[in-house]
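Engineer: sequence and predicted structure are below.
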Amino acid sequence: MIENDLFLRACRREPVERIPVWYMRQAGRYQPDYREVRKKYSLIEICEHPEVCAQVTLSPVQQLGVDAAILFSDIMVPIGAMGLAFDIQKDHGPVIEQPLRQANDIERLKPIDPESDLPYVFETIKILTRELKVPLIGFSGAPFTLASYMIEGGPSRDYLRTKALMYGEPKLWYMLMDRLGDMVITYLRAQVQAGASAIQIFDSWVGSLAPDDYAEYVLPTMQRIFTQLSDLHVPRIYFGVTTGELLTTFVKTGADVFGVDWRVPIRSARARVGRNVAIQGNLDPAVLFAPWAEVQRRAEAIIDMGIEQPGFIFNLGHGVFPATSVEQLQRLTSFVHTYSERALRG
Ligand code: 1CP
């Protein structure tokens, strides 16, 4: 039962008495209890054990006092169900055994049947919706970002093979976008049906594209995804890194909330996306390594801009780093609450 719906109200641009806050990667290696769990289970094994996965998801909510939970999983989880084997390597990230190289590899990708392919995901969501008093955010990777791992075979700096396929073999590229688009729609719909109250689509690496290329090669798929998920009536969040120059184009996706990183001030982000959507962000997670006074100064500046209009959710501009101190995040969370409550009372 949701008792604290601040996050959902902020997503819908309704009035709030204080600014809601949650953090990308709020469950992870910076937590001593997560490190303990990881001694017994790999990341994927955590996902496959609903009781364990639910506890890992709940732990930052209890420890930090954030206003939303995000399902513990990884963007690669449904990729296995499409028939592409992967591994998550420590301190590196996802690695694909046989990256997509030719038409054949793409044609072989299977549509997913969420309930039979990934039953543990929905079992975890069901446990969480019983236990949580804050909304649960379900998520998926976006087609471009997923394609970058599937084509490069792992994390990449330049996305050379990805862009070579996109620019050089557009027919194949669109076939891949279509298949991944179908997967994202099916997967997120099933997460909401199991109990997720909002969804976030992580397009972490799409900021590597120029706006015109984004509009041509990615936007149609994102429009289709957001349109087909609109009947779920849950907030739909779209996030990427270094997307300042893409924001005016992003609006055309039809998402309800846009997540931005620290490279674009909240006020500029708002000017670019307009008044009909909400904004989420955007403290540089590296700032958490500075003394508290500096963290506070920067959080204040973000909140001051955030409260200028309804529809603001405080977050980091990207995920929590593994070396972050738990105390610093606890302090930030309660600071966002107390400072924004005072500021909103005016
Ligand atoms: O083994 C571990 O414990 C390592 C770290 C880790 C964690 C905690 C990985 C490997 N994935 C996750 C969980 C995870 N991944 C979550 C759930 C937790 C939460 O937010 O509280 C989420 C939402 C993701 C999503 C994810 N995975 C993204 C999108 C968000 C982002 O950070 O940009 C991406 C790009 C991935 C791929 C991935 N998985 C793991 C790593 C280290 C990476 C990034 C690799 C790279 O730099 O390309």
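Structural biologist: That came through, no problem.
Engineer: grab the nearest non-local neighbour of the residue in the chain that the ligand sits nearest to.
Structural biologist: Proximity of the chain to the ligand (CB to the nearest ligand atom) peaks at residue 93, 2.7 Å away. Where C-beta positions appear, they are placed from N, C-alpha and C, glycine not excepted. Nearest non-adjacent residue to residue 93, counting by CB to CB, 6 or more residues apart in numbering: residue 155, 4.5 Å away.
Engineer: same check on residue 107?
Structural biologist: Using CB to CB, 6+ apart, the closest residue to residue 107 is residue 175 (7.5 Å).
Engineer: name all residues that make contact with the one you found.
Structural biologist: Neighbour list for residue 175: 103, 106, 107 [criterion: CB atoms under 8 Å, 6 or more residues apart in numbering].
Engineer: looking at these, which are in helices?
Structural biologist: Among these, the residues falling in helices (DSSP state H) are 103, 106, 107.
Engineer: does the first one touch residue 176 like I think?
Structural biologist: In other words, residue 103. No. Residue 103 is beyond contact range of residue 176, at 10.0 Å (criterion: CB atoms under 8 Å).
Engineer: of those two, who's got more company?
Structural biologist: Ranked by neighbour count (other CB atoms under 10 Å), residue 103 and residue 176 place residue 176 first, with 27 against 13.
Engineer: which strand or helix spans that one?
Structural biologist: In this assignment (DSSP states H and E), residue 176 forms part of helix 170-194.
Engineer: near the ligand, which residues of the stretch 51-200 of the chain?
Structural biologist: 70, 72, 73, 74, 75, 88, 90, 93, 94, 139, 155 (CB under 6 Å from any ligand atom).
Engineer: so where's this structure shaky on pLDDT?
Structural biologist: Nowhere does the chain drop to pLDDT under 70.
Engineer: center of it - which residue?
Structural biologist: Nearest to the geometric centre of the chain sits residue 202, at 4.2 Å (CA atoms, centre = their mean).
Engineer: quick check on that one: phi, psi?
Structural biologist: Backbone torsions for residue 202, taken as degrees, to the nearest 10, come to phi -90, psi 110.
Engineer: so what's it up against?
Structural biologist: 75, 139, 140, 141, 142, 145, 239, 240.
Engineer: identify the bridge partners of the fourth one.
Structural biologist: Translated: residue 141. Beta-bridge partners of residue 141, counted by DSSP bridges, are residue 202.
Engineer: contacting residues around it?
Structural biologist: 75, 76, 184, 201, 202, 203, 204.
Engineer: for those residues, pick the one with the most neighbours.
Structural biologist: residue 203 (27 neighbours).
Engineer: the nearest residue to it once chain neighbours are set aside: how many residues sit nearby?
Structural biologist: Spatially, and ignoring its direct neighbours in sequence, residue 203 is nearest to residue 142 (3.5 Å; CB to CB, 6+ apart). When neighbours are defined as other CB under 10 Å, residue 142 has 29 of them.
Engineer: got it, and residue 156?
Structural biologist: Around residue 156 there are 16 residues (other CB under 10 Å).
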